[in-house]
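A.B. asks: Starting from these lines, generate the structure:
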Amino acid sequence: MGVLFPGFEPLRVKADGEEISLVRGGEGPPLLLLHGHPQTRAIWHKVAGALARHFTVVATDLRGYGDSGKPRGLPDHSNYSKRAMAQDQVEVMAALGHPAFRVLAHDRGARVAHRMAVDHPERVLKLATLDIAPTLAMYERTNLAFATQYWHWFFLIRPFPFPETLIGADPELYLKQTIGGRSAGLAPFTAEAYAEYARCIRDPRTIHGLCEDYRASAGIDLDHDREDLAHGRKVACPMLALWGGRGVVGQVVDPLAEWRRVAADVRGKALDCGHYLAEEAPEALLAEVLPFMLDAGTGV
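C.D. replies: Numbering: from 1, shown residues only. Next comes the predicted model:
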């Protein structure tokens, strides 16, 4: 991992009963980076150095992913709910001396960040999400394009041990079919980052963890999202929503319209890339994220 994050310090922090693996580097206000499926914190290696010139950057592996803890899923999948995964991250940041912080998050990590911003509004000062719309909106507006490209949303939620068994038969094939099956193929991924993703997905506990992540999203997470809507709870901090113009999210929903249903202060746009913004279009991503995160006019 050192080759991906030169100058960053590797750490492990106990949070909510699980150890969370991370790297930390830079100086300035704290910025938490959260990755997506089926990847690790390695997704940030093309932008972490530039961010660290302005922020104390903390890039973690989510519960169930990378080198973080991977508990056996509970019957209701609550220990992989976005609420539980957000609690991990809040406790990690507090342990590192950061009671409040900014968040930049992609894919599954952005769903964790969405929940974190609602459950812990005093912690999350600014939020930038990459290539997602709210989970409830995505499920409610499923169409052929979404079901075709995001087939894993419906495969991974099948009961244990069905998807675990099939993925475990050839983990790297699954990896290639997911990250390589998007608009840019495997081109955005450096050999070092791809090797990290392949290493981690060979672990049967990772396979189970990512399945549990999705099982929670199709059950208990939707319950939490519906409760928010019923009680008028929204993301209160300033929010930047970015998505890939060549990806699927913008074909399924109007991302800004959906975020404005659940967040009070949202701006955003599509970038000229696919799903993996930080690896496909790192310079374009930094051009949007840095002004947002540094601008005092958008919050603390």
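A.B. asks: Every contact and neighbour count from this point should use C-alpha atoms.
C.D. replies: Will do.
A.B. asks: Any buried residues in stretch 108-126, and which?
C.D. replies: 108-121, 123-126 (16 or more other CA atoms under 10 Å).
A.B. asks: Quick one: distance of it to the chain centre.
C.D. replies: 11 Å (CA atoms, centre = their mean, to the nearest Å).
A.B. asks: Please enumerate the strands of the protein.
C.D. replies: If DSSP state E is used as the criterion, the strands of the chain fall at 9-15, 18-25, 30-34, 56-60, 101-106, 124-130, 239-244, 266-271.
A.B. asks: Describe which strands the longest one pairs with in its sheet and in which direction.
C.D. replies: Going back to what we said before, that points to strand 18-25. strand 9-15 (antiparallel), strand 56-60 (antiparallel) (DSSP bridges).
A.B. asks: Just put those in JSON lines and tack on distance to residue 278 and mean pLDDT.
C.D. replies: Shown next, in JSON lines, are the strands paired with strand 18-25 (distance: least, CA to CA, whole Å; pLDDT from 0 to 100):
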{"stretch": "strand 9-15", "distance to residue 278": "21", "mean pLDDT": "97"}
{"stretch": "strand 56-60", "distance to residue 278": "13", "mean pLDDT": "98"}
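A.B. asks: can I get those strands in a markdown table with mean neighbour count and distance to residue 162?
C.D. replies: Listed next are the strands paired with strand 18-25 as a markdown table, based on neighbours: other CA atoms under 10 Å; distance: least, CA to CA, whole Å:
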| stretch | mean neighbour count | distance to residue 162 |
| --- | --- | --- |
| strand 9-15 | 16 | 30 |
| strand 56-60 | 25 | 28 |
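A.B. asks: Of all the ones you listed, which one is nearest residue 143?
C.D. replies: Closest approach to residue 143 among those (CA to CA): strand 56-60, 32.6 Å.
A.B. asks: could you check the angle strand 30-34 makes with the closest one?
C.D. replies: Counting by axes from the mean of the first three to the mean of the last three CA atoms, to 10 degrees, strand 56-60 lies at 20 degrees to strand 30-34.
A.B. asks: got a list of contacts for strand 56-60?
C.D. replies: Outside strand 56-60, the residues that touch it by CA atoms under 8 Å, 6 or more residues apart in numbering are 20-35, 40-41, 44, 48, 51.
A.B. asks: Who are the contact partners of the nearest residue to residue 65 once chain neighbours are set aside?
C.D. replies: Spatial nearest neighbour of residue 65, excluding adjacent residues (CA to CA, 6 or more residues apart in numbering): residue 206 at 5.5 Å. Applying CA under 8 Å, 6+ apart to residue 206 gives the contacts 64, 65, 66, 70, 200.
A.B. asks: Please report which of those residues has the highest neighbour count.
C.D. replies: Highest neighbour count within the contacts of residue 206, by other CA atoms under 10 Å: residue 65, with 30 neighbours.
A.B. asks: any idea how far that residue is from residue 222?
C.D. replies: 21 Å (CA to CA, to the nearest Å).
A.B. asks: And residue 180, by the same measure?
C.D. replies: Separation of residue 180 from residue 222 (CA to CA) stands at 28 Å.
A.B. asks: So between those two, which is more surrounded?
C.D. replies: Each of residue 180 and residue 222 has its neighbours counted (other CA under 10 Å); residue 222 has more, 19 against 16.
A.B. asks: The more buried one against residue 137, yeah?
C.D. replies: No - Residue 222 is beyond contact range of residue 137, at 9.8 Å (criterion: CA atoms under 8 Å).
A.B. asks: pLDDT value on the nearest residue in space to residue 225 that is not next to it in sequence, please?
C.D. replies: Excluding the flanking residues, the one nearest residue 225 by CA to CA, 6+ apart is residue 136, at 6.7 Å. pLDDT for residue 136: 96.
A.B. asks: list the contacts for residue 136?
C.D. replies: 222, 225, 226.
A.B. asks: got the contact list for the first one?
C.D. replies: I take that to be residue 222. 135, 136.
A.B. asks: Across the sheet, point out what pairs with residue 268.
C.D. replies: Applying DSSP bridges, one finds that residue 268 bridges with residue 241.
A.B. asks: any idea how far residue 71 is from it?
C.D. replies: Remark: distance between residue 268 and residue 71 (CA to CA) = 35 Å.
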